[in-house]
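In: My questions concern the predicted model and sequence given below.
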Amino acid sequence: MSIHNLYVFLTMGRIEPMPHPNLMRRLLIILLIAAAPSVLAEAACEQCHAEAASAMTGTPHGEASCGACHGDAAGHPGAGALMSFTDEAADQRSAACEGCHRDARSAAINNPHAQSGLACNDCHQAHGPAPEPAPVAGFPQLPASSAGCYGCHEDTFAQFALSERHRLDEGAISCTSCHDPHGAEPHGRLGGFDQSSCGECHANTGGPFVFEHAASRVEGCGACHEPHGSPNRHLLNYQRVAELCFECHATVPQFHSGFSPVAPPRFDTNTVCTNCHVAIHGSNLDRNLLR
């Protein structure tokens, strides 16, 4: 290895421009003395783990030492305290990653993935670029980030095959367009004020409004809509609008039912409530969400 290449290796290319050759030699001596233990340790690891070392070349993890993730190799090979990231508990594996990736919050107490016993390396490839996920039948243009979700969320992917759906298979969105896989998601259906994920694309329905539709503030968009896919128009939870409305509005004004106790009701489950209550997401004019 040339002096120039050795200098780049030891400084990771972070110190430029190169100093005068004589000064460079002095700096290299200092750097070698400081780096010798870790350089020797890395070389020892590569003797047995050349494939893993090669896979990390040019990646952010390649700039760290093996010991930064796996621990002190003293006494290895053999039984010891090295992290294998295969036999340890999920929270222990994730804790090793959080030393550098605190922002990922993968062990947040209310993170659904952490609560399900998943660790960082159950989804992420540590030693190099993740291999291309296997194609998912029926989703020819599925983004790679979403294909990785398929293995655990097949039931959700089945909803994207329904007649009314968000356009996941065309690549218009990905799972992470709505969900943060590392963050807290206390409402499984993006309910309540967490519905802000929906408002990023559907700003006209998110408000704020002078007169709010209470369901959107309490339960969120999922009170009426199935976000992944539905056999009903507009991703509604029911095909008939009145059935959906009657879920919350079981008690209605008298004139909705009719003024005669023996006459048939004026409105029933076949009624389209939104013919009158058109501002269903909220209104700035009428508290009853009328025209």
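Out: Received, thanks.
In: Low-confidence stretches in this protein?
Out: 1-43, 75, 77-80, 105-110, 185-195 (pLDDT under 70).
In: Now do the helices in the stretch 51-200 of the chain.
Out: 66-70, 90-98, 112-115, 120-123, 144-147, 154-159, 196-199 (DSSP state H, counting those that start in this stretch).
In: Distance to A55 and mean neighbour count added to those, as a markdown table?
Out: (C-beta placed from N, C-alpha, C; glycine too.) As requested, the helices of the stretch 51-200 of the chain are exported to a markdown table (distance: least, C-beta to C-beta, whole Å; neighbours: other C-beta atoms under 10 Å):
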| stretch | distance to A55 | mean neighbour count |
| --- | --- | --- |
| helix 66-70 | 13 | 17 |
| helix 90-98 | 17 | 18 |
| helix 112-115 | 24 | 17 |
| helix 120-123 | 14 | 18 |
| helix 144-147 | 18 | 16 |
| helix 154-159 | 29 | 14 |
| helix 196-199 | 34 | 15 |
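In: From what I see, H127 and M56 are in contact.
Out: Yes: here H127 lies in contact with M56, judged by C-beta atoms under 8 Å, at a distance of 5.4 Å.
In: picking that back up, can you add distance to R167 and give the helices of the stretch 51-200 of the chain back as a markdown table?
Out: Shown next, in a markdown table, are the helices of the stretch 51-200 of the chain (distance: least, C-beta to C-beta, whole Å):
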| stretch | distance to R167 |
| --- | --- |
| helix 66-70 | 38 |
| helix 90-98 | 33 |
| helix 112-115 | 24 |
| helix 120-123 | 24 |
| helix 144-147 | 12 |
| helix 154-159 | 13 |
| helix 196-199 | 15 |
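In: Of these, which is nearest L168?
Out: helix 144-147 (6.4 Å; C-beta to C-beta).
In: from the chain's centre, how far out does that closest one sit?
Out: From the chain centre to the centre of helix 144-147 is a distance of 11 Å (C-alpha atoms, centre = their mean, to the nearest Å).
In: Then stretch 267-277?
Out: Taking mean C-alpha positions (C-alpha atoms, centre = their mean), stretch 267-277 and its chain are 38 Å apart.
In: Over to stretch 253-273?
Out: Using C-alpha atoms, centre = their mean, the offset of stretch 253-273 from its chain centre is 46 Å.
In: buried residues in that stretch?
Out: 257, 267, 271, 273 (16 or more other C-beta atoms under 10 Å).
In: How about residues contacting that stretch?
Out: 240-243, 245-246, 252 (C-beta atoms under 8 Å, 6 or more residues apart in numbering).
In: who touches the closest residue to L162 other than its chain neighbours in this structure?
Out: Distances taken as C-beta to C-beta, 6 or more residues apart in numbering put G229 closest to L162, at 3.9 Å, once the chain neighbours are dropped. Contact partners of G229, counting by C-beta under 8 Å, 6+ apart, are 159-162, 164-166, 235.
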